[in-house]
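kindly generate the corresponding structure for this input.
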Amino acid sequence: MEVGTMENEAMVKKRNMKDRTVLSPTMKMADLVNLNYRLLGVLSRLGVNLGFGEITVEEACRKHSLDVGSFLLVCNVYTYDDYIPSGALLSTGKPADIVKYLHSSHAFYLDHELPELQEALERLVVQCDMKQKLIIDRFFSEYKKEVENHFAYEETVVFPYIESFASTCGARGYSIEQFEENHSNIDEKLCDLKNIVMKYLPETCDTVLRNDVLYHICYLEEDLDKHTLIENNVLIPMMTRLEENEKRK
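Below is the predicted model:
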């Protein structure tokens, strides 16, 4: 890449950063959702119901026993594609509250999104031949198993470690670096599934159903990407800082 191009991109990024709405505790909850409707999913996973009137973000978090710093970190990741919080902003959040959100997201994917996508795929392939049906079924089953294994590791190893660290000011036998080294994306195969549905299923498949499946895959792909960014850009650096502070004691 040429130097001039790099400088132009840097200037555009700097200008975009300057023009961004700063998410703050004093914002009205309604303004937050109006800024980014995708935050509706974040609110539902945290048990924040609509009908919040004119209350602020801070008031809503207090009402629902949420840490406001952690809540805003999650909201920023969902709102700004290249959001990477500074060390100062990371210090405003709590790892246990980030884990609480990630745990709720796991339940949302496993109990809601994946079953709905599976049912939509089954309706879509009714007009396909048996070979095509088996390909779709096998591909989705393998992907679902990969997601379940990925989440199970986090639920049984990573999250308990973080919760233990938070409650005892240190935990032995594991470190967030081990999670970082073994952390893989789980949204890549969704792109393959999307291409199969879009390119290779026969024209006899219902167009409305096909579009519904593609919208669902795109939504899930995007949401899982945000999920990964929260882990990589918020939780891991947050825990790294805490572990380093603990070592200095």
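
flag every buried residue along the helix or strand encompassing P115.
Secondary structure assignment for P115, by DSSP states H and E: helix 114-124. For helix 114-124, burial by neighbour count (16 or more other C-beta atoms under 10 Å) applies to 114, 117, 120-121, 124. Placement of C-beta: from N, CA and C, glycine included.

now stretch 41-48
41-43, 45-46, 48.

show me which of the residues you listed is closest to C75.
V42 (6.4 Å; C-beta to C-beta).

thinking again about what came up before, between the buried residues of helix 114-124, which is closest to T26?
Relative to T26, the closest of these is L114; by C-beta to C-beta it sits at 37.5 Å.

against H106, how distant is that closest one?
11 Å (C-beta to C-beta, to the nearest Å).

and for Q178?
On the measure of C-beta to C-beta, Q178 and H106 end up 19 Å apart.

these two: who's more crowded?
Each of Q178 and H106 has its neighbours counted (other C-beta atoms under 10 Å); H106 has more, 20 against 13.

got the contact list for the more buried one?
Residues in contact with H106 (C-beta atoms under 8 Å, 6 or more residues apart in numbering) are 151, 154-155.

list buried members of these by neighbour count.
151, 154.

and this protein, what are its domains?
3-90, 95-248 (automatic domain parsing).

could I get those domains as CSV with mean pLDDT?
Below are these laid out as CSV (pLDDT from 0 to 100):
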stretch, mean pLDDT
domain 3-90, 86
domain 95-248, 90
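
distance of the residue of the chain positioned farthest from its centre from C205?
Ranked by distance from the centre of the chain (C-alpha atoms, centre = their mean), the top residue is D129, with 35.4 Å. According to C-beta to C-beta, D129 and C205 sit 12 Å apart.

same question, R20
41 Å.

out of the two, which sits in the busier spot?
Set R20 next to C205 and count neighbours by other C-beta under 10 Å: C205 wins out with 18 against 13.

so that one sits in a strand?
No. Counting by DSSP: H, G, I helix; E, B strand; the rest coil, C205 is not part of a strand but coil.

residues in contact with the one helix or strand Y215 maps to: which ones?
Secondary structure from DSSP H and E places Y215 in helix 207-230. Helix 207-230 is contacted by residues 41, 73-74, 77-78, 83, 98, 101-102, 105, 109, 113, 116-117, 120-121, 123-124, 183, 185-187, 190-191, 193-194, 197-198, 201 when judged by C-beta under 8 Å, 6+ apart.

please check the residues you listed and keep the buried ones.
For those, buried by 16+ other C-beta under 10 Å: 41, 73-74, 77-78, 83, 98, 101-102, 105, 109, 113, 117, 120-121, 124, 183, 186-187, 190, 193-194, 197, 201.

filter those residues down to the ones in helices?
41, 73-74, 77-78, 98, 101-102, 105, 117, 120-121, 124, 190, 193-194 (DSSP state H).

quick check: end-to-end length of stretch 102-113?
15 Å (C-alpha to C-alpha, to the nearest Å).

what do you get for stretch 46-66?
Start-to-end span of stretch 46-66 (C-alpha to C-alpha) is 8 Å.

shift numbering so it begins at 21
Sure thing, new numbering starts at 21, so read that last one as stretch 66-86.

for that stretch, buried residues please.
Applying 16+ other C-beta under 10 Å to stretch 66-86 flags 66, 68, 72, 76-81, 86 as buried.

same question, stretch 237-247
Buried, per 16+ other C-beta under 10 Å, within stretch 237-247: 237, 240-241, 243-247.

sorry, back to before: next, the angle from the helix holding Y235 to helix 134-144.
Orientation check (axes from the mean of the first three to the mean of the last three C-alpha atoms, to 10 degrees): helix 227-250 against helix 134-144 gives 160 degrees.
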